[in-house]
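>>> sequence plus the predicted model coming up.
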Amino acid sequence: DSGVTQTPKHLITATGQRVTLRCSPRSGDLSVYWYQQSLDQGLQFLIQYYNGEERAKGNILERFSAQQFPDLHSELNLSSLELGDSALYFCASSVGSGDLYNEQFFGPGTRLTVL
Amino acid sequence: KNEVEQSPQNLTAQEGEFITINCSYSVGISALHWLQQHPGGGIVSLFMLSSGKKKHGRLIATINIQEKHSSLHITASHPRDSAVYICAVFTRDDKIIFGKGTRLHILP
């Protein structure tokens, strides 16, 4: 158990809908990272937050947004969902000095299915 | 051509064999991360490297920054090592790029 929690575990929704994925980092970790893993694209980095501020941005679509709250949990919002958004979404956390390359601890993932 | 290439894509070996998984990259990096993804989907961080060599139990990771290459070695492999091993590079402009993974299957 990495200490990182993600909810929900599974999510099934329809095209055009909006969903929110939630991540609670390990106690004491200030950085949260979001990743998408799909069958055709593999793992992709979406975005990193450090202590409430956006720190680095990867291949995050404009339809997606994220935020990190004062209690350090983070939410990833996916809107106008398309079939291609079906994937595993992982959250990871690190102690973080703000640098991107601190060792990361991964949550169990949220499996999103868009029908 | 992908910026991060792993080889082999798939590897089947007998229990006890020495395993080597390679990762080559074409971009400037700050660090490299080796990850293990279990059949159930969970991801575990194995090593974070910016130079030299690290060892943890039966796992050894090396990186050669000049040659833009890293290797992950498993000594005395065991069926529980069966997993997908993923290399990720942290670029100097704050991006993270993943390899496509190496699927390892260790036969008892």
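Cool, got the structure.

>>> run through chain A and note the low-pLDDT ranges.
Within chain A, the segments meeting pLDDT under 70 span A:97-101.

>>> do you have the strands of chain A handy? List them.
Applying DSSP state E to chain A gives strands spanning A:5-7, A:10-13, A:19-24, A:31-38, A:42-50, A:53-57, A:64-68, A:74-78, A:87-94, A:105-106, A:110-114.

>>> now do the fourth one: distance to the chain's middle.
With Cα atoms, centre = their mean, to the nearest Å as the basis, strand A:31-38 stands 4 Å off its chain's centre.

>>> same deal with the longest one?
Distance of strand A:42-50 from the chain centroid (Cα atoms, centre = their mean) equals 7 Å.

>>> what does that strand rub up against?
Strand A:42-50 has contacts (Cβ atoms under 8 Å, 6 or more residues apart in numbering or on different chains) with A:30-38, A:54-60, A:64, A:66-68, A:74, A:76, A:90, A:96, A:98, A:100, B:86, B:88, B:95-101. In short, each C-beta sits where N, CA and C put it, glycine included.

>>> just want the angle from that strand to strand A:19-24.
60 degrees (axes from the mean of the first three to the mean of the last three Cα atoms, to 10 degrees).

>>> strand partners (parallel or antiparallel) of strand A:42-50?
Using DSSP bridges, strand A:42-50 pairs in its sheet with strand A:31-38 (antiparallel), strand A:53-57 (antiparallel).

>>> TSV please, covering those and showing mean neighbour count and distance to B:L59.
Formatted as TSV, the strands paired with strand A:42-50 follow (neighbours: other Cβ atoms under 10 Å in any protein chain shown; distance: least, Cβ to Cβ, whole Å):
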stretch	mean neighbour count	distance to B:L59
strand A:31-38	24	22
strand A:53-57	15	28
